[in-house]
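S.K.: I would like to see how this sequence folds:
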Amino acid sequence: MKTKLKQTETLARLIWRRILGTIEADEAALLDEWRKASPENEATYRRLMDTAFLEREWRRIRAVDASRPLADMRARIGRRNVRRFLRNWGRVGVAAAVVLGFVIGGVLYFRPQEPQALPVLPETVQYAGQIRHGETKAVLTRDDGTVVNLGADAARNEEAMKRSPKKAQSVAPEAPKFNLLATPRGGEFEITLVDGTKVWLNAESQLSYPETFRADERRVVLKGEAYFQVARNEEKPFYVETDGQIVRVYGTEFNVRSYEEDAAVYTTLVSGSVALQPEGGSNAELFLTPGHQAVFDKGDASTFVRAVDTETVTGWRKGMFVFEEQNLGQIMATLGRWYNFEYEFTDNVLTETVFKGSVPRYGDFNEVLEILEKSGGLKFRVRERTVTVAPR
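M.R.: Predicted structure coming up:
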């Protein structure tokens, strides 16, 4: 085994130098000799010199948590060499970095034959190619019953949207007018409320809000997930109600998630401060500080606080799904909402499989499945808009 590992490291170093253009004549001869030794070696070499292949593998490697493999590598070759490697990595670029990270990581060692992606059924490729990521769209239902379909080109400012035609209706002047903004599966939307507060709605979410806020407060109701950037107003607090919890803020940024299948409401503070309390409970409030998440149990109305990486929680707003110790059941629910597909497991035990990594929010669905397959020991089959998850 040690001999094979040594040969692998030698080949990886030679391929690395050929990509850089720094390979010596005797090294080139040695590499070419290995290429000619078998058709499998030649196929492997050509694959590793293919920039398109390297770019695909680079995306997959970046999407998987690298902290554990990196720790293993540090233990093998020493911290000094790792630091030198990382410095060189940044200067050389993607192709060379992938060769070291991917080749030494196992292509040559575990696959003497041509490296191949996991076999995928043609049917799966066909149907998965028809599943597209979400887009900017929502449905606005006004207080008077008017329904407006909103897309990427729609005005996202509530003042502007209020100028859209409405059906005539007799409403008492003092009656508050509430609108309902809803994103479907495969949809997202951003809106700026009349006070300047910005709200980003994730897929399959609803925001109920008044056309004009009261003189003493600003209050909205959320179902699903949203990111809030609240305009500061010390004299007029902003309240978010969701599934038995009330969040009170004056001016801050935070994320709230509470889907129907979630057993808890997750409130994550990015900046500023917020106060939380159960709806209809005592006046006692729980204050959050940035970098922390409050988990409110919908069943018993209890709350606990934990430190979190806010970039992980809010990654969906910046084009990435970052899964930090989430199980596969939660992950498939998140992806299903965004890519608008149904899913099923051949074995319910798989739902508890914990995954740590990330996938691109606007990525090709086939690519997303490949990342999960390689990272979680899974196999996917897609038919129509139903994804079947099975062990590999």
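
S.K.: what's the longest strand in the protein?
M.R.: In the chain, taking DSSP state E as the definition, the longest strand is strand 218-229.

S.K.: quick check: angle from whatever helix or strand comes next after that one to strand 218-229?
M.R.: Of the helices and strands lying after strand 218-229 in sequence (DSSP states H and E), the nearest is strand 238-242. With axes from the mean of the first three to the mean of the last three Cα atoms, to 10 degrees applied, the angle from strand 238-242 to strand 218-229 works out at 90 degrees.

S.K.: Just the residues contacting strand 238-242, thanks.
M.R.: With Cβ atoms under 8 Å, 6 or more residues apart in numbering as the contact definition, strand 238-242 has outside contacts at 195, 197, 217-223, 228, 230-231, 246-251, 256, 258, 265, 279. Heads up, the C-betas are built off the backbone N, CA and C, glycines and all.

S.K.: as a whole number, average confidence for the following helix or strand past that strand?
M.R.: For strand 238-242, the following helix or strand on the C-terminal side (DSSP H and E) is strand 245-249. The pLDDT scores in strand 245-249 average 95.

S.K.: got it, and stretch 264-282?
M.R.: Across stretch 264-282, pLDDT averages out at 90.

S.K.: which residues of the stretch 51-200 of the chain score low on pLDDT?
M.R.: Within the stretch 51-200 of the chain, the segments meeting pLDDT under 70 span 51-125, 154-175.

S.K.: try it again with 90
M.R.: 51-130, 151-177 (pLDDT under 90).

S.K.: excluding its backbone neighbours, what's nearest the residue positioned nearest the centre of the chain?
M.R.: Centroid-nearest residue in the chain: residue 321, 0.4 Å away (criterion: Cα atoms, centre = their mean). Distances taken as Cβ to Cβ, 6 or more residues apart in numbering place residue 359 nearest to residue 321, at 5.1 Å, with adjacent residues excluded.

S.K.: cool, and residue 339?
M.R.: Computed as Cβ to Cβ, 6+ apart, the closest residue to residue 339 that is not its neighbour in sequence is residue 131, at 5.3 Å.

S.K.: The one you found in helix, strand or coil?
M.R.: In three-state terms, and counting by DSSP: H, G, I helix; E, B strand; the rest coil, residue 131 is coil.

S.K.: wouldn't it be in contact with residue 343 here?
M.R.: No: the pair residue 131 / residue 343 is not scored as a contact, 11.1 Å apart, by Cβ atoms under 8 Å.

S.K.: Just grab the bridge partners of residue 178 for me.
M.R.: residue 210 (DSSP bridges).

S.K.: Neighbours of it, how many?
M.R.: Number of residues near residue 178 (other Cβ atoms under 10 Å) recorded here: 14.

S.K.: and the gap between it and residue 213?
M.R.: Using Cβ to Cβ, to the nearest Å, residue 178 is found at 11 Å from residue 213.

S.K.: repeat for residue 142
M.R.: For residue 142 relative to residue 213 (Cβ to Cβ), the value is 17 Å.

S.K.: that older thread, what comes up buried for the helix or strand hosting the residue nearest to the centre of the chain?
M.R.: In this assignment (DSSP H and E), residue 321 forms part of strand 320-327. For strand 320-327, burial by neighbour count (16 or more other Cβ atoms under 10 Å) applies to 320-324, 326.

S.K.: who are the neighbours of that strand, in terms of helices and strands?
M.R.: Applying 3 or more Cβ pairs under 8 Å, 6 or more residues apart in numbering; DSSP states H and E, we find strand 320-327 packed against helix 310-313, helix 328-339, strand 354-360.
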